[in-house]
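*Asks:* fold the following for me, if possible:
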Amino acid sequence: MTDSITSEMQFNEAKPAQKEKGLLGWVSFNVFDMFRFNALAVKQSREGVASLSYPANTSAAGKQYHYIRPLNDSVRLKVEAEVLGQLGYRTEEEDQEE
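*Replies:* Down below sits the predicted model:
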C-alpha cells in the first residue's frame, strides 16, 4: 500500500512568454483514483517556489469562489509536495524545511 494520493499525472508546459510571468504550465492528475483534476495552473514565485492554482469563478464584487480547493493549509502543502515534487519543482514545504 502506498501513501500516494495522486496518480496518472500529465503536465503541459507553458509558452516562454507565459513562463516569464511565472506560469510554468498546467497539471492534471487523479486523486485517490476517484476524481480527476484537470488543468490546475502551476505557478512560480519570484523566489522560485512553485505552487498550484485552483480554478475559481470571480463574482461581480470581486470575490473568488473556487470550484475545488484543499480544505486546509496542511492538505494544500501535502498535495503540492507530491504533485510538484514529481514534476521536479521546489515547493513551499521544502522551503520551510530549509
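
*Asks:* biggest helix in the chain, by residue count?
*Replies:* helix 73-87 (DSSP state H).

*Asks:* just the CA trace of that one, in CSV.
*Replies:* Output of helix 73-87 as CSV, limited to C-alpha atoms (Å, rounded to 0.1, in the frame of the first residue of the first chain):
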residue,chain,number,x,y,z
ASP,A,73,-3.1,24.5,4.5
SER,A,74,-1.8,21.2,5.6
VAL,A,75,-3.7,19.4,2.8
ARG,A,76,-2.5,22.0,0.3
LEU,A,77,1.1,21.5,1.3
LYS,A,78,0.8,17.7,1.1
VAL,A,79,-0.8,17.8,-2.4
GLU,A,80,1.8,20.4,-3.7
ALA,A,81,4.7,18.4,-2.3
GLU,A,82,3.5,15.3,-4.1
VAL,A,83,2.5,16.8,-7.4
LEU,A,84,5.1,19.5,-7.8
GLY,A,85,7.8,17.2,-6.3
GLN,A,86,7.1,14.7,-9.1
LEU,A,87,7.5,17.5,-11.6
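
*Asks:* so who does the nearest residue to residue 36 once chain neighbours are set aside touch?
*Replies:* Closest residue to residue 36 apart from its sequence neighbours, by CB to CB, 6 or more residues apart in numbering: residue 30 at 5.5 Å. Placement of C-beta: from N, CA and C, glycine included. Residue 30 is in contact with 6-8, 36-37, counting by CB atoms under 8 Å, 6 or more residues apart in numbering.
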